[in-house]
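# I need the structure of the sequence given here:
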Amino acid sequence: MDKAFYGIMAMIGFFVFNIILMNIFGGVFRDLIYTGVVTLCGVIVICTCIIVEKLNKIIQQLNEQSDKNNLK
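Alright, predicted model coming up:
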């Protein structure tokens, strides 16, 4: 649930930031491309959260294994 929340918040933040940026610079708003970019932003954040979580588990397992080997 946390990963989805972070992804949704990143999408909303990215959307708001770009709307403000486009209003300042007068950019052309292309709905389909822009929706794809916002969705891609959310997917990248969710995947990054998953990868970081997996890496933290691997590091924890390696540290536990290292501690066991040092005690022997």
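# low pLDDT regions in this structure?
Within the chain, the segments meeting pLDDT under 70 span 1, 25-32, 72.
# helix or strand: which one has the residue nearest the centre of it?
With distances taken as C-alpha atoms, centre = their mean, the residue of the chain nearest its centroid is Val45 (1.2 Å). Assessed by DSSP states H and E, Val45 sits inside helix 31-71.
# mind listing what Cys41 touches?
10-11, 14 (C-beta atoms under 8 Å, 6 or more residues apart in numbering). The C-beta positions use only the backbone N, C-alpha and C, and glycine is treated the same way.
# got the residues you listed as JSON lines, with neighbour count columns?
Shown next, in JSON lines, are the contacts of Cys41 (neighbours: other C-beta atoms under 10 Å):
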{"residue": "Ala10", "neighbour count": "19"}
{"residue": "Met11", "neighbour count": "19"}
{"residue": "Phe14", "neighbour count": "18"}
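# just those now: which is nearest Ile33?
Phe14 (13.6 Å; C-beta to C-beta).
# check which helix or strand that closest one maps to.
Assigned by DSSP H and E, Phe14 belongs to helix 2-25.
# from the chain's centre, how far out does the helix holding Val45 sit?
9 Å (C-alpha atoms, centre = their mean, to the nearest Å).
# can you pull the contacts of the residue nearest to Cys41 when sequence neighbours are not counted?
Once flanking residues are discounted, Cys41 sits nearest to Phe14: 4.5 Å by C-beta to C-beta, 6 or more residues apart in numbering. The contact partners of Phe14, by C-beta under 8 Å, 6+ apart, come to 37-38, 41-42.
# please indicate which of the residues you listed are buried?
Buried residues within the contacts of Phe14, counting neighbours by 16 or more other C-beta atoms under 10 Å: 38, 41-42.
# looking at the residues you listed, spot the one nearest Lys3.
Nearest to Lys3 among these, with distances taken as C-beta to C-beta, is Gly42, at 10.2 Å.
# isn't the closest one right up against Gly13?
No: applying C-beta atoms under 8 Å as the test, Gly42 and Gly13 come out as separate, 10.0 Å apart.
# contacts only, for the spatially closest residue to Phe15 that is not a sequence neighbour.
Nearest residue to Phe15 in three dimensions, chain neighbours excluded: Val38, at 5.2 Å (C-beta to C-beta, 6+ apart). Residues in contact with Val38 (C-beta under 8 Å, 6+ apart) are 11, 14-15, 18.
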